[in-house]
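Trainee: Using only what follows, build the 3D model:
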Amino acid sequence: MIKPKNLIRHEFIGLKVKVYKSKNKYMEGIEGIVVDETKNMLILETSKGEKMIPKKGTIFHFYLNDKVVEVEGDVIAFRPEDRIKRKVK
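Mentor: So this is what the prediction gives:
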């Protein structure tokens, strides 16, 4: 079960997310559903189509039920299968 405490060890596909801060100011505020994930990108389905958001240099807000979980992209900038196996403090 996905909880705020263990979010970064789970699959992101299907979760609602918003770009809170980014090195690229034009990406701030983009929100949608994660449809795919690579080592360096989250691909979101937004109201204006699919958007590719780089993980590095970006802070994401993931929405889990009634909670908002802030995740730094640098912490999750790994292949999904490697990120799930990693131990994070």
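Trainee: Burial check on R79, number of neighbours?
Mentor: Other residues near R79 number 12, with proximity taken as other C-beta atoms under 10 Å. Every C-beta, even on glycine, is put in place using the N, C-alpha and C of the backbone.
Trainee: contacting residues around V19?
Mentor: By C-beta atoms under 8 Å, 6 or more residues apart in numbering, V19 lies in contact with M27, E28, G29, I30, E31, I53, T58, I59, F60.
Trainee: The fifth one touches L15, doesn't it?
Mentor: No - using C-beta atoms under 8 Å, E31 is not in contact with L15, being 11.2 Å away.
Trainee: Make CSV from the contacts of V19 and add pLDDT to it.
Mentor: CSV is the format used below for the contacts of V19 (pLDDT from 0 to 100):
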residue, pLDDT
M27, 96
E28, 97
G29, 97
I30, 97
E31, 96
I53, 97
T58, 97
I59, 97
F60, 98
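Trainee: Narrow those residues to those in strands?
Mentor: Among the contacts of V19, the members found in strands (DSSP state E) are E31, I53, T58, I59, F60.
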